[in-house]
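J.: What follows is a predicted structure for the sequence shown.
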There are 2 protein chains.
Amino acid sequence: MDNNRTRKKEDLRMRMIDAAEAIIAEKGLSNLKARDVTAQAGCSLGAIYTVVDDLDELIMRVNSRTLKRLGTALHEALPQDSTPKQAMHLLAAAYVGFALENTTTWSAIFGQRLGEGTEVPEWHRAEYPVLIAEIIGPLSRLRPDLLSEQLRLRAQTVFAAVHGVVQLSIHGRFVGVPKEMLASEVDALVDAMTRGLDQGDQGQVS
Amino acid sequence: MDNNRTRKKEDLRMRMIDAAEAIIAEKGLSNLKARDVTAQAGCSLGAIYTVVDDLDELIMRVNSRTLKRLGTALHEALPQDSTPKQAMHLLAAAYVGFALENTTTWSAIFGQRLGEGTEVPEWHRAEYPVLIAEIIGPLSRLRPDLLSEQLRLRAQTVFAAVHGVVQLSIHGRFVGVPKEMLASEVDALVDAMTRGLDQGDQGQVS
DNA sequence: TTTTATTCTTGAACGACGTTCATTTTCACG
DNA sequence: CGTGAAAATGAACGTCGTTCAAGAATAAAA
C-alpha cells in the first residue's frame, strides 16, 4: 500500500492549510510566517515545500476556501423570487456583510501580491467568477438588451464598484466611508446603479 | 554657518525621495529596497535613517508627490463651464487616465500596508482628500438636497466606486474588466450613477 | 526476519531584507 | 590650526522564505 504515504501527506496538507487559514483569520495575511504555520501544523519548517510549491500557493489554498464560502454566502442571499433590483441590493448587502465579518480572510483574496514572474495557476483563476456569477441573472433582467458578453462585462463593473466602496471603507486611506455608513452607502450606490441601468442606454442615439 | 549642514541634509533627502520615486515608477512598490535607494541616491545604507524615520515614511513622501500630481490632474480636467454630469465624467476619465499612465506610483498610494502598530502621520493623512475634493462641487449641484456632511460621504462613495473599477481592472484578480474596456465601463458607471443621482431620493417618501 | 533500496522528512544553513549602532569622518567655531 | 560636537558610515543583527545534504522511514527483496 503506497496509499498510506499519500494519505499522510494529504493529512499534512490539510493541517497546513488549516493552520494558514487560522493565522490569516486571526492576524492577517501580512503576519503569515512559514515558521508559524509549521509550528501550528506540528511539523518541520521544510515540510511546507513537500506539500505546496510556495507560501504563495498556501495562500491561494486559503483564498480558495474563502472564495467558496463567499460564493455560497452570495448564492444563499437570494430568495427564489425577487425582483432584479431587490436581488442586486441583497447581493451587495451580503458582500458587505461577508467582508465585515471575515475581514482578514476576505482581504487576503485581494491583498496577495505575487512576484512578477509567477503566474496564478488555472485551478485558482477559475474560482474568482463566483464573485460575479450571481449578478448576471438579475442584471440580464434589468438589461435585456445586453449580449451575454456585454452582460458579463457590466457585471464585472457593478461588482468592482461595490467592491471599491467596501475596500476603501475597510482599508481605505482616509477617503473611505466610515464602517457604520458602509451598508447604507452601498445601498445608495446600488440604488443609483440599478436606477440608471433600469432606464439603460437605449434612449441615447449616439 | 550651520546652514550648510542642514542644506546638505535636505539635498540628500531630496535625492533619496527622487531615487525612491524612480524605483517605484520603474519597478513598483514591492521592488523598492533600502539598498537600491541608497545606491541610486549615492550614499550609505544607514543614511536613510538620518533623513527619514523609516522606509514607510520614504514611501509616504513619494505618495505625497503622486497625490499632488493626481490632484492637479483632476483639477485641470475641469473646464470653467461644465454641467455637473459632464464634470463627473471628466473627473472619472482623468482618474482612469492617471492610473493607466502612472500605474506603479498610483498603486503605491493604495498598496502600502504598514504594520499594525504604526499610524499614518497627520501631514500625510491631510493629502488624501484631493481625491474627492473636485467631486463635491458637481455633486452638490446634482444633489442640492444633501447637507455638506452627507455630500462628502456620497462623494467618497462615488470616488470609491470608480476607484474600485479601475483597481480591479489593473490589479484585478481575473474579475476586473479588460484595460481596453476600462474607460468605457467607467463612463457607463458614472452615467448610471449620475442618472440615478439626478433623480435622487427625493421622490421616495420611504 | 534481516537486508537492501528507495522515498520521504528534517532543520541547519543560505541569501535577502529592514534596521541599528559603535566607529570613523566631517566641519563650524575658538 | 586644534578641538569638540554632530553626522555619515557600513559591518552586524534579527527575521524572513527557501534549499538541500543528511538522516529516518518504509517498501521490496532475500
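T.: Arrived safely, thanks for sending. Residues are numbered from 1 along each chain as shown, chains lettered A, B, ... in the order given.
J.: pLDDT wise, what is the most centrally placed residue in chain A at?
T.: Nearest to the mean C-alpha position of chain A, counting by C-alpha atoms, centre = their mean, stands residue A:67 at 4.9 Å. Looking at residue A:67, its pLDDT is 98.
J.: Over in chain A, which residue gets nearest chain B? Let me know.
T.: Closest approach between chain A and chain B, counting by C-beta to the nearest C-beta: residue A:164, at 1.6 Å. C-beta here means a position set from N, CA and C on the backbone, and glycine is covered the same way.
J.: how does chain A divide into domains?
T.: For chain A, automatic domain parsing gives the domain ranges A:1-52, A:60-199.
J.: thinking again about what came up before, so how far is residue B:155 from the residue of chain A closest to chain B?
T.: Residue A:164 sits 14 Å away from residue B:155 when distances are taken as C-beta to C-beta, to the nearest Å.
J.: tally of neighbours for the residue of chain A found nearest DNA strand C?
T.: In chain A, the residue found nearest to DNA strand C is residue A:46; the distance is 2.0 Å by C-beta to the nearest atom of the strand. Residue A:46 has 9 neighbouring residues, counting by other C-beta atoms under 10 Å in any protein chain shown.
J.: Quick one: classify it as helix, strand or coil.
T.: helix (DSSP: H, G, I helix; E, B strand; the rest coil).
J.: Nearest spatial neighbour of the residue of chain A closest to chain B, chain-adjacent residues omitted?
T.: residue B:164 (1.6 Å; C-beta to C-beta, 6 or more residues apart in numbering or on different chains).
J.: follow-up on the earlier one: now do the same for the residue nearest to the centre of chain A: helix, strand or coil?
T.: helix.
J.: Leaving out sequence neighbours, find the closest residue to it.
T.: Leaving aside its sequence neighbours, residue A:67 sits nearest to residue A:127 (C-beta to C-beta, 6+ apart; 4.7 Å).
J.: same thing with residue A:163?
T.: residue B:164 is the one closest to residue A:163 (C-beta to C-beta, 6+ apart), at 5.0 Å.
J.: Secondary structure class of the residue nearest to residue A:54 when sequence neighbours are not counted, three-state.
T.: Among residues not flanking residue A:54 along the chain, residue A:118 sits closest, at 7.9 Å (C-beta to C-beta, 6+ apart). Judged by three-state DSSP, the three-state class of residue A:118 is coil.
J.: these two touch, right, residue A:118 and residue A:57?
T.: No - assessed by C-beta atoms under 8 Å, residue A:118 is found out of contact with residue A:57, at 9.6 Å.
J.: Between these two, which has more neighbouring residues?
T.: The neighbour count for residue A:118 versus residue A:57, taken as other C-beta under 10 Å, is higher for residue A:57 (18 against 11).
J.: give me every residue that touches that one.
T.: residue A:121 (C-beta atoms under 8 Å, 6 or more residues apart in numbering or on different chains).
J.: element containing it?
T.: Secondary structure assigned from DSSP states H and E places residue A:57 in helix A:55-76.
J.: is chain B contacted by the helix or strand that that helix is followed by?
T.: Per DSSP H and E, the first helix or strand lying C-terminal to helix A:55-76 is helix A:84-101. No - using C-beta under 8 Å from any C-beta of the partner chain, helix A:84-101 stays clear of chain B, coming no nearer than 11.4 Å.
J.: re earlier: hmm, the residue of chain A closest to chain B is touching residue B:156, no?
T.: No - taking contacts as C-beta under 8 Å, residue A:164 lies outside contact range of residue B:156: 10.7 Å.
J.: Now residue A:42: phi and psi?
T.: phi 70, psi 50 (degrees, to the nearest 10).
J.: List the residues that contact it.
T.: residue A:15.
J.: can you rerun that using 10 Å?
T.: Shown in contact with residue A:42 (C-beta atoms under 10 Å, 6 or more residues apart in numbering or on different chains): A:12, A:15, A:16, A:19.
J.: need these in TSV with secondary structure, can you?
T.: Shown next, in TSV, are those (three-state DSSP):
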residue	secondary structure
A:12	helix
A:15	helix
A:16	helix
A:19	helix
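J.: looking at those, which has the most residues close by?
T.: In the contacts of residue A:42, the most neighbours by other C-beta under 10 Å go to residue A:16, 23 neighbours.
J.: Let me know whether stretch A:41-53 sits next to DNA strand D.
T.: Yes - Stretch A:41-53 lies within reach of DNA strand D by C-beta under 7 Å from any atom of the strand, at A:45, A:46, A:48, A:49.
J.: pLDDT score assigned to the second one?
T.: This points to residue A:46. 96.
J.: Is it correct that it is in contact with residue A:52?
T.: No - if you go by C-beta atoms under 10 Å, residue A:46 and residue A:52 don't touch, sitting 11.6 Å apart.
J.: Restricting to C-alpha, output the least confident helix or strand in chain A by mean pLDDT in PDB.
T.: Ranking every helix and strand in chain A by mean pLDDT, DSSP states H and E puts helix A:179-199 at the bottom, with a mean of 87. Extracted in PDB, the C-alpha atoms of helix A:179-199 (Å, rounded to 0.1, in the frame of the first residue of the first chain):
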ATOM      1  CA  LYS A 179     -17.800  51.500   8.500                       C
ATOM      2  CA  GLU A 180     -21.000  52.500  10.200                       C
ATOM      3  CA  MET A 181     -22.100  54.100   6.900                       C
ATOM      4  CA  LEU A 182     -20.900  51.400   4.600                       C
ATOM      5  CA  ALA A 183     -24.100  49.400   4.300                       C
ATOM      6  CA  SER A 184     -26.300  52.400   3.600                       C
ATOM      7  CA  GLU A 185     -23.800  54.000   1.200                       C
ATOM      8  CA  VAL A 186     -23.500  50.700  -0.800                       C
ATOM      9  CA  ASP A 187     -27.300  50.600  -0.800                       C
ATOM     10  CA  ALA A 188     -27.500  54.100  -2.200                       C
ATOM     11  CA  LEU A 189     -24.900  53.200  -4.800                       C
ATOM     12  CA  VAL A 190     -26.800  50.100  -5.900                       C
ATOM     13  CA  ASP A 191     -29.900  52.200  -6.000                       C
ATOM     14  CA  ALA A 192     -28.300  54.700  -8.300                       C
ATOM     15  CA  MET A 193     -26.700  52.000 -10.500                       C
ATOM     16  CA  THR A 194     -29.900  50.000 -10.900                       C
ATOM     17  CA  ARG A 195     -32.000  53.000 -11.400                       C
ATOM     18  CA  GLY A 196     -29.500  54.100 -14.100                       C
ATOM     19  CA  LEU A 197     -29.400  50.700 -15.600                       C
ATOM     20  CA  ASP A 198     -33.200  50.400 -15.400                       C
ATOM     21  CA  GLN A 199     -33.500  53.100 -18.000                       C
END
